[in-house]
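Participant: Quick one, structure for this:
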Amino acid sequence: MLTPRPEDSEFEARQEPRLVKALEMVAPGSAVREGIDNIVDARTGGLIVIADTDEIAFLFSGGIKLDIDYSPAMLYQLAKMDGAIALNASATKIAWCNVQLMPDPTILSSETGTRHRTAERVSKQTDALVIAVSQRRDVVSLYVDGAKYILEDIPVVLAKANQALATLDKYRTRLDQVTTRLTALEFEGGVTLHDVLTVLQRAELVTRMAVEIERYIVELGTEGRLIEMQLEETMVGVAADKAALLHDYLAEPREDTFAVAQDGIARLPHQDLLDFGRLAELLGYDRKVNTLDFPVSPRGYRILGRIPRLPKLVVQNITRELRGLDEILAATDPELEAVDGVGEIRAKDIREGLRRLQEINLVDRYLQT
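Facilitator: As a prediction, the model looks like this:
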C-alpha cells in the first residue's frame, strides 16, 4: 500500500503498480487528461472519482445519475457543478455527477481544503483513484490508496526524464567497461568474485535507473515516445546479460536459487546494493569472504549467449556437459559435436564465435584505454 513517504523512499513509491496505472490513465494524449486540462484552463476546480461505482455507491449523497459515454467536453461541463463526478473503472462512462461524497470522517487526513481532504479519505477508504483539481492553484492531485501524487507540467517531467537518460547513459558506459574487463578475465581464467559483483552491481543500477525512466514515460504519455526509443536502445542486452551472469556464478546453479537471487537483488535497498558482502551472500557465498582474492570460474552461459544463432537450449546442454568455460574452450571438435543439439556444423560456428568474441574483446579493451 502506498503511504506518504520520506524523500529516500520516493523512488520505491513511484514504482507502485497502482500509481503507475493511474498515471497511465491521466497521461497526455488520454481522454481523461484532456478533460482535466479543460477543467484546469477554466479554473472551475473539480473532484473526479474513477472506480467501480457499485463498490463506492455507499459514499454517495444526492447527485444525478447519468450513465453516459465519457467525453472530455462533457467532463468539463459537469465540473462547473459543485459536486464530485464519478466515472467507471475504465473511465469510459460518466456514471454520476454533482455527487456529495461522504467518507468516514474519523479517517485521518493531512489535507486542509475540503475537496482535497475528501479525496484523501475516499482513497484511503476505497480502491478508487481520486483526482482533485484545485480551483485557484492549477494543481492536479492524484490520490491512490491514501497517498498523494501531484501531476507536474510536461516540460518539467521531460527535463527530469532527459536528466535521468543522461545518468543512465553514464551508468551504461561504466557497465560496458566492467563487462569488457570481465570477459577478458574469463577468457584468461583469472576471474575473482569482486569482478563478478562489480558487473552485477552495475547491471542492477542500470536496471533501476531504467525503471525510473519508464515511470516518466508513463506520465508523459504521447509526449514520451522519443524518450522510450532512447531507453530501449540503451537497455539492449542488459537483462539477458544479468541473467546469464547469475547462471554463470551462482554457488548452487539451480532454477530455484536463480529465482531467489534474481528477486533478492531486485529488492535490495540501495545501500545494500553497494555492499559486496551482501551481494556475495545472495549468490550463495560466505558474506565474509574476501571478494578480491576469491577465484571463481564461469560456466559459460554469458559467453555462449553472445554467439549468434545459438539457441538457449543448446547453451544449456553445452554448459551441463562440459561444466565450465575453461572446458568449453579446451574441448575438441568431437567433444563439442557429441553434445546434444550441436553437431559438426554448429561446433564450427561455436569455435568461430568464440574466436571472434576474443578478438572483439581485445579491440574493446584497447578502445577503452
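
Participant: sec struct for V130, please.
Facilitator: Recorded secondary structure, V130: strand (DSSP: H, G, I helix; E, B strand; the rest coil).

Participant: Likewise for A89?
Facilitator: coil.

Participant: residue contacts, it?
Facilitator: I50, A51, D52 (Cβ atoms under 8 Å, 6 or more residues apart in numbering). Where you see a C-beta, it was placed from the backbone N, CA and C, and this is true even at glycine.

Participant: What score does it have for pLDDT?
Facilitator: As predicted, A89 sits at a pLDDT of 95.

Participant: how close does it sit to A132?
Facilitator: 19 Å (Cβ to Cβ, to the nearest Å).

Participant: name the element the closest residue to R202 other than its chain neighbours belongs to?
Facilitator: What sits nearest to R202 in space, not counting adjacent residues and going by Cβ to Cβ, 6 or more residues apart in numbering, is L175, at 4.2 Å. Assigned by DSSP states H and E, L175 belongs to helix 154-188.

Participant: Give me the next element, helix or strand, following that helix.
Facilitator: Remark: after helix 154-188, the chain's next helix or strand is helix 193-220, criterion DSSP H and E.

Participant: follow-up on the earlier one: of all the residues in the helix holding L175, which ones are buried?
Facilitator: 157-158, 160-161, 164-165, 168, 171-172, 175-184, 186-187 (16 or more other Cβ atoms under 10 Å).

Participant: Also stretch 208-221?
Facilitator: 208-210, 212-221.

Participant: Out of those, which is nearest to N290?
Facilitator: R208 (27.2 Å; Cβ to Cβ).

Participant: Next one: that closest one, what pLDDT does it get?
Facilitator: pLDDT at R208 comes out at 95.

Participant: domains of this structure?
Facilitator: 7-151, 152-298, 303-369 (automatic domain parsing).

Participant: any idea which helix or strand comes after the longest strand seen in the chain?
Facilitator: Of all the segments of type strand in the chain, defined by DSSP state E, the longest one is strand 93-101. Downstream of strand 93-101, the next assigned helix or strand under DSSP H and E is helix 114-125.

Participant: circling back to that earlier point, any chance of the buried residues of stretch 208-221 in TSV with distance to F60 as columns?
Facilitator: As requested, those are exported to TSV (distance: Cβ to Cβ, whole Å):
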residue	distance to F60
R208	42
M209	44
A210	42
E212	38
I213	40
E214	36
R215	33
Y216	36
I217	36
V218	30
E219	30
L220	34
G221	30
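
Participant: Pass me the low-pLDDT residue ranges in this protein, would you?
Facilitator: 1-15, 366, 368-369 (pLDDT under 70).

Participant: tell me, what residue is most central in it?
Facilitator: V211 (3.1 Å; Cα atoms, centre = their mean).

Participant: What's the separation between that one and A42?
Facilitator: 36 Å.

Participant: can you check R351 too?
Facilitator: 71 Å.

Participant: Equivalent analysis for L142, please.
Facilitator: Applying Cβ to Cβ to L142 and A42 gives a distance of 20 Å.

Participant: same thing with V144?
Facilitator: Relative to A42, and taking Cβ to Cβ, V144 is found at 25 Å.

Participant: Pick out whichever of the two has more residues nearby.
Facilitator: V144 (22 against 15; other Cβ atoms under 10 Å).

Participant: which ones are touching P253?
Facilitator: With Cβ under 8 Å, 6+ apart, P253 has these contacts: H247, R299.

Participant: what about it, distance to E212?
Facilitator: 31 Å.
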